[in-house]
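J.: Turn this into a structure:
(one chain, ligands or ions: 2)
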Amino acid sequence: MTAEEFVAALDRENQARLHDLEPDATLLPEIKGALNVPNLLKVALRNEAEATLIAARWLTSCHDTKLMLALARQAADEAKHYELIAARLGRLGFDVETFDPLAGGLGPLSRYLDTLTENVERVAAGQFTREAIAIVKNRQFIAFCERVGDKETASLYRDVIEPDERHHHELGRRTLIRLATTAEAQAAAQRAARRTLELADELQKTALATAGIHHAPGC
Ligand SMILES: [Fe+2]
Ligand SMILES: [Fe+2]
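T.: Numbers count the residues shown, from 1 in each chain. Ligands and ions are numbered 1, 2, ... in the order given. Here you go, the predicted structure:
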């Protein structure tokens, strides 16, 4: 399989599995008072901080100049998202100065990403797949914000954050086409993408069971 054919097939596989992350309509009535924009933005802060850290760690151990620059761009964007979300939380009355979203350490998905050492698997998992998940989750979050009448948060996600996350996914696609040129590289990329989706699915189920969270934004 050529790299282009492989990436197109992986994209189709990812999109099919991403349907499992769509919220089940029958669970929507379970949303309770605690499910509000500020609480979801606190989850988003944590995701952005973790995404910044992983991209920054990878770029310091990357000897591929194009990929190093793509990771630097991503790390800067995720840190920018953190700032914008923190500012929005501040306007919603939440004191972000006393909040450290990484105080409890990295979550399971970031811990997994942190174990990856090959460029092709890092890109398949961290950019191509994780950012595809973010696009789906952010779409759900924007719809949630609109439903509860929070136009400012909806537009922050639609106009600023979402285009960046889409760009990260495209960076992942371009790099995968460049790197997934052998059967071994393609197998490693597919394994990493599948594990990323499995972990995202498990996390979503846990969030759903413990906090009724369906729409937590991704990065
Ligand atoms: Fe982000
Ligand atoms: Fe991102």
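J.: Please make it C-alpha for all contacts and neighbour counts, starting now.
T.: Will do.
J.: what does this protein have sitting close to ligand 1?
T.: By C-alpha under 5 Å from the ion, the part of the chain that sits against ligand 1 consists of E78, C219.
J.: again, 6 Å this time
T.: E48, E78, H81, E165, C219 (C-alpha under 6 Å from the ion).
J.: from those, which ones fall inside helices?
T.: Among the residues of the chain next to ligand 1, DSSP state H puts E48, E78, H81, E165 in helices.
J.: how many neighbours does the third one have?
T.: Spelled out, that is H81. Neighbours of H81 under the rule other C-alpha atoms under 10 Å: 26.
J.: quick one: contacts for it?
T.: Contact partners of H81, counting by C-alpha atoms under 8 Å, 6 or more residues apart in numbering, are E48, I161.
J.: any idea of the pLDDT on E97?
T.: Per-residue pLDDT puts E97 at 89.
J.: And the residue in the chain that ligand 1 sits nearest to, how close does it get to E97?
T.: Distance from ligand 1 to each residue of the chain (C-alpha to the ion) is smallest for C219, at 3.5 Å. As for C219, its distance to E97 is 21 Å (criterion: C-alpha to C-alpha, to the nearest Å).
J.: Tell me how many other residues surround A79.
T.: 18.
J.: roughly how far apart are the closest residue to it other than its chain neighbours and Q15?
T.: Distance criterion C-alpha to C-alpha, 6 or more residues apart in numbering; nearest residue to A79, sequence neighbours excluded, is T52 at 5.9 Å. To Q15, T52 is 24 Å away according to C-alpha to C-alpha.
J.: Then P163?
T.: P163 is 18 Å from Q15, by C-alpha to C-alpha.
J.: Please, which helix or strand holds the nearest residue to L21 once chain neighbours are set aside?
T.: Once flanking residues are discounted, L21 sits nearest to D201: 6.4 Å by C-alpha to C-alpha, 6+ apart. In this assignment (DSSP states H and E), D201 forms part of helix 183-211.
J.: packing partners for that helix?
T.: Judged by 3 or more C-alpha pairs under 8 Å, 6 or more residues apart in numbering; DSSP states H and E, helix 183-211 is in contact with helix 3-18, helix 108-115, helix 119-122, helix 130-147.
J.: tell me the most buried of the ones you listed?
T.: When you average the neighbours per residue for each of the helices and strands packed on helix 183-211 (mean count of other C-alpha atoms under 10 Å), helix 119-122 leads with a mean of 24.
J.: that older thread, just want to know which of C219 and E97 has more residues nearby.
T.: C219 (31 against 8).
J.: Does that one touch A51 like I think?
T.: Yes. The pair C219 / A51 is scored as a contact, 6.9 Å apart, by C-alpha atoms under 8 Å.
J.: residues shared between the contacts of these two?
T.: Residues touching both C219 and A51 (C-alpha under 8 Å, 6+ apart) are E78.
J.: Find the pair from the residues of the chain next to ligand 1 with maximum spatial separation.
T.: Spanning the widest gap among these are E48 and E165, at 10.9 Å by C-alpha to C-alpha.
J.: tell me, what's touching the two both at once?
T.: With contacts defined as C-alpha under 8 Å, 6+ apart, the residues shared by E48 and E165 are C219.
J.: Could I get the pLDDT score of the residue nearest to A79?
T.: pLDDT at T52 comes out at 98.
J.: Also L28?
T.: So L28 comes in at 49 (pLDDT).
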